[in-house]
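J.: Turn this into a model:
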Amino acid sequence: MAARYVDLNGVHTWYDQRGAGEPVVLLHGALIDSRCFDGNLATLADRFALYLPERRGHGHTADPGGPISAHLMAEDTVAFLDAVTGPVRLVGYSAGAVVALLVALARPDLVERLVLISGAYHRDGWLLPPARPADIPRVIYDAHGEVSPDGAEHLAVVVDKIAATADELALTEAELKAVRCRALVLVGDDDAVSPQHTLSLYHALPQAQLAVLPNASHTLLLEQPDLCTRLVADFLTGEPAPTLMPVRRG
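T.: Prediction:
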């Protein structure tokens, strides 16, 4: 494990680097940090060089002031890829999947393969409204305080900032067709993203594969870590095999 900092767009950004090989970047969800990949996707360090940046106001990375939006975090992520890794296989979970999708649209030259875990492309795809500070369990505040330079209670400020920009996510299916790299859409069958929205995402991405995990919710990385990791690893390392009765890919 090698924790480092890099300055991006005025944000003193913390990231972890593990393993060796082709670069893979893991993007955590909202209000959590890169520790969400411990015990699941972080094990990919046995075959890849993993990079785990923590975005503005999350984890070890301080809130620099101003808004915190998916589009701003996508700009920060593009800057991270330009400065640290170059083109990568990009994996995002929840809000991290939103950021990953925006990066793939803005800079297709930087994204070789794309994994979207429990993510949405439009605000209407989420089944739950934006969280309020009172909605966040105490355990999340405490976990934030363990690493954040801003302290545990500042998480309430981050929650409000993210909620204030939630309506900005409004991509269209037509826009998604510009993502030309191979993509894996991975969700639980009882996820916080509607099944109809997930299908729209899958159909709109020209080279997408779809995996729906049974008996899994939005915390599928914790509920089925081995299966999630195997599916992601197979996608990142393998090539698409021809199917016997292709319809969509025919």
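J.: Find me the pLDDT at the closest residue to Val212 other than its chain neighbours, would you?
T.: Distances taken as C-beta to C-beta, 6 or more residues apart in numbering place Asp189 nearest to Val212, at 5.4 Å, with adjacent residues excluded. The C-beta positions use only the backbone N, C-alpha and C, and glycine is treated the same way. As predicted, Asp189 sits at a pLDDT of 98.
J.: Asp189 and Asn215 touch, don't they?
T.: Yes. Look at Asp189 against Asn215 with C-beta atoms under 8 Å: they come within range, at 7.0 Å.
J.: So for these two, which residue has more residues nearby?
T.: Asp189 (13 against 10; other C-beta atoms under 10 Å).
J.: Report the secondary structure state of Ala134.
T.: Of the three states, Ala134 takes helix under DSSP: H, G, I helix; E, B strand; the rest coil.
J.: Helices along this protein, start to end?
T.: Taking DSSP state H as the test, the helices found in the chain are 70-80, 95-106, 138-147, 155-164, 173-176, 195-204, 220-223, 225-237.
J.: where does the protein dip in pLDDT?
T.: 1 (pLDDT under 70).
J.: that older thread, deepest of the helices of the chain, which one?
T.: Mean neighbour count, computed with mean count of other C-beta atoms under 10 Å, is highest for helix 95-106 among those, reaching a mean of 25.
J.: now the angle from that one to helix 195-204?
T.: 30 degrees (axes from the mean of the first three to the mean of the last three C-alpha atoms, to 10 degrees).
J.: Centre of the chain to helix 95-106, how far?
T.: 7 Å (C-alpha atoms, centre = their mean, to the nearest Å).
J.: Run through who's touching that helix.
T.: 26-30, 55, 70-71, 73-75, 77-78, 81, 90-92, 110-111, 114-121, 162, 169, 171, 175-176, 178-179, 181, 183 (C-beta atoms under 8 Å, 6 or more residues apart in numbering).
J.: Appreciated, that's everything.
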